[in-house]
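Mind looking at a prediction? Sequence and model below.
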Amino acid sequence: MTTHGKHNGWGWLALAGVLAMAAIGPAIAQPAAPRASRPAAGGPHEHLDSRFSHNRYYFDRGYAVRRPPRGAFGELRGPNGGRYWYNGGNWYRWGGRDWTVWGAPVGLFVPWLPPYFTTVWWNGVPFYYANDAYYMWNDAQREYQVVAPPDGIEASGTTQAPASDQLFVYPKNAQTSEQQAKDSYECHHWAVEQSGFDPTVAGGGVASETALQKRNDYFRAQVTCLEARGYSVK
């Protein structure tokens with residue numbers, strides 16, 4: 001959302017929807033992968049991934065196949081020049097004669113998450129986990145990106161979503177709806193300037209290590225601004 005130009009009513013409505021969902025994050029609503037034909041129990045060349053109680057089976061690293069599974073997504077070029085395909089949380093890399101099950105290449109983008117991903121929260125930011133790989137929604141690319149796990153997430157990450165920070169604003173001085181929208185829009189931008197956190201962009205536009213604190217600073221600043229303009233905020 002641009003921070004320049006005159007107030008736009010539709011722009012504010014879009015912003016309000018984002019603020020209401022700020023604690024959830026944009027990636028949850030993105031398309032999921034087609035359901036893969038996966039057994040309920042492990043088969044040959046498979047292992048159980050139980051991290052974060054994920055409890056799904058994936059092919060072992062090093063297992064090779066003549067061609068990627070039907071319905072796989074690719075061909076993708078990794079940062080090291082490798083050729084990859086992606087299917088059901090498994091990654092396949094071309095080895096010269098066959099496709100070998102490989103670790104997810106950090107930096108690559110994919111249009112959907114694995115069908116059985118687990119959402120892991122770290123400092124208020126959602127990461128999407130499956131098969132030893134972490135994904136984040138990239139708003140500029142409009143796709144998911146394979147990312148390196150931040151330090152500490154495996155010890156302290158949680159599948160419990162943080163409490164919602166949705167704000168309910170009520171005019172105390174008979175302000176019109178147009179005035180309320182204008183005040184809310186201006187308070188949003190003031191809170192972004194004060195905190196450095198912007199809930200309208202992925203991850204708040206800040207490092208994951210500081211996202212939770214800065215998000216709290218943003219909402220405190222917004223409440224302060226709105227109350228100073230004659231609103232009750234709950």
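Right, received. Where do you want to start?

So, low pLDDT: which residues of the protein?
1-41, 124, 161-166 (pLDDT under 70).

which residues in it form strands?
Taking DSSP state E, the strands of the chain run over residues 46-49, 56-59, 64-65, 73-77, 83-87, 90-94, 99-102, 109-110, 118-122, 125-130, 133-138, 143-147, 169-171, 231-233.

helices or strands up against the second one?
Judged by 3 or more CB pairs under 8 Å, 6 or more residues apart in numbering; DSSP states H and E, strand 56-59 is in contact with strand 46-49. (C-beta placed from N, C-alpha, C; glycine too.)

Please apply the same query to the third one.
Packing partners of strand 64-65 (3+ CB pairs under 8 Å, 6+ apart): strand 99-102.

Run me through the strand neighbours of the strand it packs on, direction for each.
strand 64-65 (antiparallel), strand 90-94 (antiparallel) (DSSP bridges).

Check those for me and report the most buried one.
strand 90-94 (a mean of 23; mean count of other CB atoms under 10 Å).

what does that strand contact?
With CB atoms under 8 Å, 6 or more residues apart in numbering as the test, strand 90-94 has contacts from 58-59, 65, 68-69, 72, 74, 78, 82-86, 99-105, 131, 133.

any idea of the angle that strand forms with strand 143-147?
80 degrees (axes from the mean of the first three to the mean of the last three CA atoms, to 10 degrees).

Report the backbone C-alpha coordinates of strand 90-94 in PDB.
The C-alpha trace of strand 90-94 is given here as PDB (Å, rounded to 0.1, in the frame of the first residue of the first chain):
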ATOM      1  CA  ASN A  90      10.100 -33.800  -1.600                       C
ATOM      2  CA  TRP A  91      12.800 -32.200  -3.700                       C
ATOM      3  CA  TYR A  92      14.600 -33.900  -6.600                       C
ATOM      4  CA  ARG A  93      17.900 -32.900  -8.100                       C
ATOM      5  CA  TRP A  94      19.300 -34.000 -11.500                       C
END
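
any idea how far it is from the chain center?
Distance of strand 90-94 from the chain centroid (CA atoms, centre = their mean, to the nearest Å) equals 23 Å.

and if you look at stretch 99-111?
When distances are taken as CA atoms, centre = their mean, stretch 99-111 is centred 18 Å away from the chain's centroid.

Can you report how many residues lie near the residue lying closest to Glu143 once chain neighbours are set aside?
The shortest distance from Glu143 to any non-neighbouring residue, by CB to CB, 6 or more residues apart in numbering, is to Phe109 (4.2 Å). For Phe109, the neighbour count with other CB atoms under 10 Å is 13.

what do you get for Trp85?
Number of residues near Trp85 (other CB under 10 Å) recorded here: 20.

so what's it up against?
Taking CB under 8 Å, 6+ apart as the test, what Trp85 contacts is Pro68, Ala72, Phe73, Gly74, Glu75, Leu76, Trp91, Tyr92, Trp99.

Buried among these? Need that as a selection in PyMOL.
A single PyMOL command suffices to select whichever of the contacts of Trp85 are buried according to 16 or more other CB atoms under 10 Å:
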select buried, resi 68+72+73+74+76+91+92+99
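
Now the two most distant members of the contacts of Trp85.
Phe73 and Trp99 (13.3 Å; CB to CB).

I'd say Pro115 and Gly71 touch.
No - using CB atoms under 8 Å, Pro115 makes no contact with Gly71, being 11.0 Å away.

Compare those two (neighbour count), which wins?
Using other CB under 10 Å, the more surrounded residue of Pro115 and Gly71 is Pro115, with 16 against 12.
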